[in-house]
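Engineer: Return a 3D structure for these sequence lines:
(one chain, ligands or ions: 2)
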Amino acid sequence: MRILGLTGGIGMGKSTTAALLKRAGLRVFDADATVAGLQGPHGAALPAIARLVPGSVRDGVLDRTVLRQAALSDPGVMQGLEAIIHPLVRRARARFVERARRDGCRWVVLDIPLLFETGADRICDRVVVVSAPASMQRQRVLRRGRMTPAQIDAIIARQMPDAARRRRADVIIETGLSRHETVRQVRRLLYAMREGSPAAWAAARGKPT
Ligand SMILES: CC(C)(COP(=O)(O)OP(=O)(O)OC[C@H]1O[C@@H](n2cnc3c(N)ncnc32)[C@H](O)[C@@H]1O)[C@@H](O)C(=O)NCCC(=O)NCCS
Ligand SMILES: Nc1ncnc2c1ncn2[C@@H]1O[C@H](COP(=O)(O)OP(=O)(O)OP(=O)(O)O)[C@@H](O)[C@H]1O
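Structural biologist: Ligands and ions are numbered 1, 2, ... in the order given. Model prediction:
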């Protein structure tokens, strides 16, 4: 079985790309969804989060606005939160990979925002980076209306710079052009995964800068 890593900064278009891969029939591990489950009603991470940020959990339900505010204004809290969440995500990821292997999958996708930062790229056969101009990234996240400009900066500061990510990518998917162009690039990627030849991977690579 081969593992495709899928990563990119906040708002760069990971979910959109993951959806296209899923539609093509690939099994996708979604790290953000796993975090949401751990932090959902009576989620496994809630007791530890309640100790880390008193008042953030009430009646078994997390107030994300309170947690977001605490984590993004105090690096110590964010570090504590990551120490709670990341080992649990790693375990869920290992279970996902194990199950896919047992089921005889040829390729699976790991959609992980912090793929490089957490070293998860080491278990990947190829890594895809989704990318768009920085101004578009900020605009997209602002438009979602959940984060303030300062909170967006705090998240981006915790992530590897886009240029460094692009340098480490086997394939770059641009989401700053048109949706049509993104779809075309994903199609080239799917062809390379099926075909496996160096020429097909070279055609799927995208621009290095
Ligand atoms: C800080 C929290 C409460 C903000 O919640 P919110 O609902 O506003 O955002 P959401 O979870 O949808 O995250 C949006 C994006 O932010 C980025 N992001 C989230 N946490 C982090 C982090 N610690 N470091 C870098 N980027 C992060 C990711 O790209 C993610 O896709 C939440 O993201 C969280 O609990 N983060 C810690 C867990 C973590 O590291 N997640 C990253 C994926 S494993
Ligand atoms: N190729 C594209 N063309 C046009 N718009 C796009 C494209 N890809 C993504 N977008 C838009 O950009 C926004 C962010 O994309 P998406 O939610 O996929 O990002 P993400 O990387 O998963 O973000 P996060 O890290 O915050 O979870 C969405 O509103 C989406 O519609």
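Engineer: on contacts alone, who are the packing partners of the longest helix along the chain?
Structural biologist: Taking DSSP state H as the criterion, the chain has its longest helix at helix 75-102. Counting contacts by 3 or more Cβ pairs under 8 Å, 6 or more residues apart in numbering; DSSP states H and E, helix 75-102 packs against strand 27-30, helix 31-39, helix 46-52, helix 64-73, strand 107-111. C-betas here are computed from N, CA, C, even on glycine.
Engineer: Just say helix, strand or coil for the nearest residue to Asp32 once chain neighbours are set aside.
Structural biologist: Excluding the flanking residues, the one nearest Asp32 by Cβ to Cβ, 6 or more residues apart in numbering is Pro113, at 6.7 Å. Per DSSP: H, G, I helix; E, B strand; the rest coil, the secondary structure class of Pro113 is coil.
Engineer: Let me know how buried Pro113 is, in neighbour terms.
Structural biologist: Burial of Pro113 is recorded as 20 neighbouring residues (other Cβ atoms under 10 Å).
Engineer: Could you measure from it over to ligand 1?
Structural biologist: Pro113 is 3 Å from ligand 1, where distance means Cβ to the nearest ligand atom, to the nearest Å.
Engineer: what do you get for Gly196?
Structural biologist: 29 Å.
Engineer: Double-check Ser38 against Ala44; I have them as touching.
Structural biologist: In this structure residue 38 is Leu, not Ser. Yes - if you go by Cβ atoms under 8 Å, Leu38 and Ala44 touch, sitting 5.3 Å apart.
Engineer: quick one on the thing from earlier: out of the helices and strands packed on helix 75-102, which is closest to His86?
Structural biologist: With distances scored as Cβ to Cβ, the stretch of these nearest to His86 is helix 31-39 (9.4 Å).
Engineer: Check Leu72 and give its pLDDT.
Structural biologist: The per-residue pLDDT reported for Leu72 equals 94.
Engineer: Now the phi/psi pair for the residue at the greatest distance from the centre of the chain, please.
Structural biologist: Among residues of the chain, the one most distant from the C-alpha centroid is Asp59; the distance is 29.3 Å, by Cα atoms, centre = their mean. Dihedral angles of Asp59 (phi, psi; degrees, to the nearest 10) stand at phi 50, psi 40.
Engineer: again, but for Val129
Structural biologist: Reported as degrees, to the nearest 10, the phi and psi values for Val129 are phi -110, psi 130.
Engineer: on that earlier part again, which one's more surrounded, Leu38 and Ala44?
Structural biologist: When Leu38 and Ala44 are compared on other Cβ under 10 Å, the one with more neighbours turns out to be Leu38, at 19 against 14.
Engineer: Name all residues that make contact with that one.
Structural biologist: Residues counted as contacts of Leu38 (Cβ atoms under 8 Å, 6 or more residues apart in numbering) are 44-45, 85, 88-89.
Engineer: so which of these also contact ligand 1?
Structural biologist: The overlap between those and the neighbours of ligand 1 (Cβ under 6 Å from any ligand atom) comes to 85, 89.
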